[in-house]
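*Asks:* make a model of this:
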Amino acid sequence: MLRTLLTRATAPVVCAGLLWTAAPAHAQTPERGARPISSSEWADRATSTYRTLQQYFYEGPEAHGLYLEHTPGQTTDPEHSYLWPFREAAQAAVDMQELPRTGASYRRDAAERFDTAELYFGGGERPGYESYLPAPLGTGGDIYYDDNAVVALTQLDQYEETGDARYLERAERVVPVVSRAWDDDSAKACPGGMDWYDSPNNTIRATNVTALSAQLAARLYEHTRDRAYLAKAEQWYGWVYSCMRKAPGLYINDRGDDGSVNETLWTYNSGSMIGTATALYRGTGDAAYLKKAVDDARGSLAYWTEGSRLDDQPAVFNAFYFKDLLDLDDVRPDPAYLKAMSGYADSTYRSNRDASTGLFRFQPSNGGDYDPDAPAATLNQSAMVQIFATLADATRQGRRNS
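*Replies:* Now for the predicted structure:
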């Protein structure tokens, strides 16, 4: 994933803001929680946002089911999107299957996304999903371990949705990929942790890849009861908890090989640790993991809902965070989680959406205020589909007991 949200260390891309002349007037951000929103209204928002995603970004079966990076296209854009935005579009289709009444109509779309995702997989001695399409469709790219972890998490979601063992097998195939990232140099400060991407040029051990990989392993243990997955999940989770935790629910971004520490905070790093602890609790019954999940949820929510912090985060990171909070909510209910998600979703719908097109626009950081000069992105449009579809499912009548 683009941790700067502007460029990759080895990919010369991304988000140049070109003038966009069709910008609407937008009202001030509304007060959160001003009115309750029904499941059917969230479903309508998810449906319209997904329809817009398909209209402006989806390239169609004749283009292998791929997506564009932006609309309007930017001079620095590749022919098709990078892996990370494509993964978010695939996750959007997975989440749309959960819509009350209409979810079944998205099963074909979701299945197609997973077939297309395999176009990003590169073989050889060090296989994995590449950041860009390998030959013959593209020039290939580095293997980012966080990207691989989230692709596998989406495959697990689809396995849980369909029961199709192919998706479980694909998720398991990613574990050896991300396991290569573990840094066993005992001379480094806080030994352990996972490299960000597969290259001799990598210089950091990152919270995102380590926590997301731990979440993957923990969830695989739930499904397979393979204790090798449990051992990995506990090792990877333990490193982040002991070496990267700044405060309850807040985890610094990375540690450099030179001893430097990047203390940037992201919502999805909070979320992945909550999600991992929740999965470890479900898998082991160890109440210590549940306590850690609850402590991190409460601490992170107190921090992120202060002022504009939540709004300023990338929308896609908030999608991760909120879904991890709701995963915990299924185990240990707390209405604060759904309240925060609903408030953010409604505010963003009313402030960052171009009503004339249905496209969402943010600052170049992929969060913050509506930016009329910014191109719309598959990444952000997909994130909003995920948020609305998840809320449609979370607020439907009888969900708690279903």
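*Asks:* thought residue 239 was touching residue 192?
*Replies:* Yes. Residue 239 lies in contact with residue 192 (CB atoms under 8 Å); the separation is 4.4 Å. The way it works is simple: take the backbone N, C-alpha and C, and place the C-beta from them, glycine included.
*Asks:* any idea how many residues pack against residue 349?
*Replies:* Residue 349: 20 surrounding residues under other CB atoms under 10 Å.
*Asks:* list the contacts of the residue nearest to it when sequence neighbours are not counted.
*Replies:* Distance criterion CB to CB, 6 or more residues apart in numbering; nearest residue to residue 349, sequence neighbours excluded, is residue 45 at 6.1 Å. Contacts of residue 45 were listed using CB atoms under 8 Å, 6 or more residues apart in numbering, and they are 345, 349, 388.
*Asks:* out of those residues, who's nearest residue 155?
*Replies:* residue 388 (22.3 Å; CB to CB).
*Asks:* how close does the residue nearest to residue 349 get to residue 346?
*Replies:* 9 Å (CB to CB, to the nearest Å).
*Asks:* ditto for residue 180
*Replies:* Between residue 180 and residue 346 the distance is 42 Å, computed by CB to CB.
*Asks:* between these two, who's got more neighbours?
*Replies:* Neighbours per residue, other CB under 10 Å: of residue 180 and residue 346, the larger number sits with residue 346, 24 against 15.
*Asks:* tell me who's in contact with the most centrally placed residue in the chain.
*Replies:* The centre of the chain sits closest to residue 320, judged by CA atoms, centre = their mean, with a distance of 4.5 Å. Neighbouring residues of residue 320 by CB under 8 Å, 6+ apart: 267-268, 271-272.
*Asks:* what's the closest of those to residue 393?
*Replies:* The shortest approach to residue 393 among the contacts of residue 320 belongs to residue 271, at 17.4 Å (CB to CB).
*Asks:* burial measure for that closest one, as a count.
*Replies:* Neighbour count for residue 271, taken as other CB under 10 Å: 29.
*Asks:* surely residue 313 meets residue 267?
*Replies:* Yes. The pair formed by residue 313 and residue 267 meets the contact definition of CB under 8 Å, at 4.7 Å.
*Asks:* intersection of neighbour lists for those two?
*Replies:* Shared contacts of residue 313 and residue 267 (CB under 8 Å, 6+ apart): 304, 321.
*Asks:* contacts for stretch 381-389?
*Replies:* By CB under 8 Å, 6+ apart, stretch 381-389 touches 42-43, 45-46, 49-50, 52-53, 56-57, 85, 88-89, 91-92, 95-96, 98-99, 314-316, 318-319, 322-323, 341, 344-345, 348-349, 353, 359-360.
*Asks:* what about 7 Å?
*Replies:* Applying CB atoms under 7 Å, 6 or more residues apart in numbering, the external contacts of stretch 381-389 come out as 42, 45-46, 49-50, 52-53, 57, 85, 88-89, 91-92, 95-96, 98-99, 315-316, 319, 322, 345, 348, 359-360.
*Asks:* ok, now stretch 271-284?
*Replies:* Taking CB under 7 Å, 6+ apart as the rule, stretch 271-284 contacts 211-212, 214-215, 218-219, 221-222, 230, 233, 237, 240, 251, 286, 289-290, 292-293, 296-297, 320-321, 324-325, 327-328, 331.
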